[in-house]
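K.L.:
Next input, structure requested:
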Amino acid sequence: MDGQRAELSIRRKVLVDKWNSDMNLARGTSDESLEINRYINTIKNKLYSIEQQRVSDDKPITAILLRDLYLGKDSNKKMLLEIFEEHNKKVNKLIGKGFAAGTAERYKTAKKHVAEYILKEYRAKDILIKEVDNRFINGFEYYLKTVRNCSHNTTIKYITNFKKIVRIAHANDWIDKDPFLHWKAKLKIVDREFLTKEEIQKMVEKELHIERLDQVKDIFIFCCFTGLAYADVKKLSNDDIVIGIDGDKWIKIKRTKTDTRSNIPILPTAEAIIEKYASQPNLLKENRLLPVLSNQKMNAYLKEIADLCEINKNLTFHLARHTFATTVTLTNGVPIESVSKMLGHKSLRTTQHYAKILDRKVSDDMKALRNKLSISKNLDEVI
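P.N.:
Presented below is the predicted three-dimensional model:
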C-alpha cells in the first residue's frame, strides 16, 4: 500500500511447478491445491474486511498495520520488553552511525535490569506497556538503589535509558499519557579524583621491573598528558598524529563516546612514550601506537601500581583524563575553553565540573600573596 510492503508466511507449502505465479494460486484441482486456494482466499477476505472496517472508522491504513491486525498484534497489547528489545536491535545496527558501542551496551544492561525488576515485582516475564505508571518508575528506582546497589547517578542513567522506551510508546500512541511527565531527577555532582603534580612525578620516576605494569603505567601517564579516554587511546594509530598549525605534532581524533573531534598538542612526556613503543612489531602490524590491554586488566594493574608508588587513591584509567583536565591544564592556566576542546566535550558545562580546581589555585595564589603582605608588614614595622 502506498509503496509500502508487509510480508507474512501463511505456513503452507506447494511445489514450484504446482504454483501459478500470475494468479498467485495453486495449479490444478487436486484436494491439496483446492485446500490451499480456499485458505488463501480466506486470508484475502479477512484482510479486505479489516480494510473496510478501518475505512468505516476513518482510521489510517498501512500495509504493516493491516498485517499486524490480521495477526492479532493489537497496539493496545504492546509489551514493554518487546518494545525495548526492538529498540536495542535498531541501536545495535546503528553502532558507528550515530551510536557508540558503549551506548548500545548501556541500553542492553538497562533492559536486563527492567526485566529482572518485572520478574521480582510482578512475577512475570513481561508486562503491557500500559502498566508502566509512576508506581512502576519509583519502584524501579528503589530496586536499582537497593537490590542492585547502584549509586544515585548510575540509577538515574538507567532510568533515563528506560524513559526513552516509554517515550517511544507514547509517540506511537501505544499509551495515552507519559508516566514520566512528573518524574524529575538530577545527577549529583561527584568529586572527581585526580593525581597531584607530586603524584604524577612519583609515578613517572618509579621503575617497574614487571613489563605488564610498566606498559600500563606508560599508557596511564600518556593519558594524563593527553586527556584521552580508554576507548580513544586503544584505537589510536599513526593516522591520528598530524602536524599542527604550530609545526608540532598533534593528536586529532574523533571521540568514540560522543563522535566529537578532539585536537590535542602532544606534550614532551606523551611524545617520549609514543617513541618508546614506535618500533614494536605487533603495534606496527596492527597500526596502533600503544599496547593497550582490556579496560578491566588496565584497572586491575593500576591498583598494583598505586600500591608500589604509595599513592592512596582509587587509581582507575579514567582518572588519567581527570588529571589532564585539572593538574596538567587548568591548574597551569590553560583556559577552560581550550581544555574543553581538547577533551572533546560537546558542552562547556561538562568541562566546568573540573573548574573547582581553579579554587585551589586561587587559594594557593592568595596564600602566596598573604605571605608577601606579611613580609611587607614586618618590614614596615622594622622601618
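K.L.:
all contacts plus neighbour counts: C-alpha atoms, from now on.
P.N.:
OK.
K.L.:
How many neighbouring residues does A26 have?
P.N.:
When neighbours are counted by other C-alpha atoms under 10 Å, A26 registers 22.
K.L.:
Quickly list what it is bridged to.
P.N.:
Beta-bridge partners of A26, counted by DSSP bridges, are W19.
K.L.:
Isn't it up against N37?
P.N.:
Yes. If you go by C-alpha atoms under 8 Å, A26 and N37 touch, sitting 6.3 Å apart.
K.L.:
if I look at these two, which residues touch both of them?
P.N.:
Common contact partners of A26 and N37 (C-alpha atoms under 8 Å, 6 or more residues apart in numbering): none.
K.L.:
Please list all residues in contact with K111.
P.N.:
Contacts of K111 (C-alpha under 8 Å, 6+ apart): L81, F84, E85, F162.
K.L.:
do the same with S279
P.N.:
Going by C-alpha under 8 Å, 6+ apart, S279 touches no other residue.
K.L.:
Renumber starting at 184 from here on
P.N.:
New numbering, starting at 184: the last item is S462.
K.L.:
list the buried ones in the helix or strand encompassing L302?
P.N.:
Taking DSSP states H and E as the criterion, L302 maps to helix 284-305. For helix 284-305, the neighbour count (16 or more other C-alpha atoms under 10 Å) marks T286, A287, Y290, K291, A293, K294, H296, V297, A298, E299, Y300, I301 as buried.
K.L.:
As TSV, the residues you listed with distance to R331 would be great.
P.N.:
As requested, the buried residues of helix 284-305 are arranged in TSV below (distance: C-alpha to C-alpha, whole Å):
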residue	distance to R331
T286	20
A287	20
Y290	16
K291	16
A293	12
K294	14
H296	8
V297	11
A298	13
E299	10
Y300	10
I301	14
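K.L.:
for those residues, which one is nearest L502?
P.N.:
Ranked by distance to L502 (C-alpha to C-alpha), the buried residues of helix 284-305 are led by T286 at 20.7 Å.
K.L.:
Tell me who's in contact with the closest residue to R195 other than its chain neighbours.
P.N.:
Nearest residue to R195 in three dimensions, chain neighbours excluded: I219, at 7.5 Å (C-alpha to C-alpha, 6 or more residues apart in numbering). Residues counted as contacts of I219 (C-alpha under 8 Å, 6+ apart) are R195, L208, A209.
K.L.:
quick one: which of the residues you listed is nearest V387?
P.N.:
Checking those against V387 by C-alpha to C-alpha gives R195 as the nearest, at 71.8 Å.
K.L.:
so how far is stretch 208-224 off the chain centroid?
P.N.:
Remark: stretch 208-224 is offset 53 Å from the chain centroid, using C-alpha atoms, centre = their mean, to the nearest Å.
K.L.:
How about that stretch, which residues are buried there?
P.N.:
Those would be L208, A209, R210, S216, I219, N220, I223, for stretch 208-224 by 16+ other C-alpha under 10 Å.
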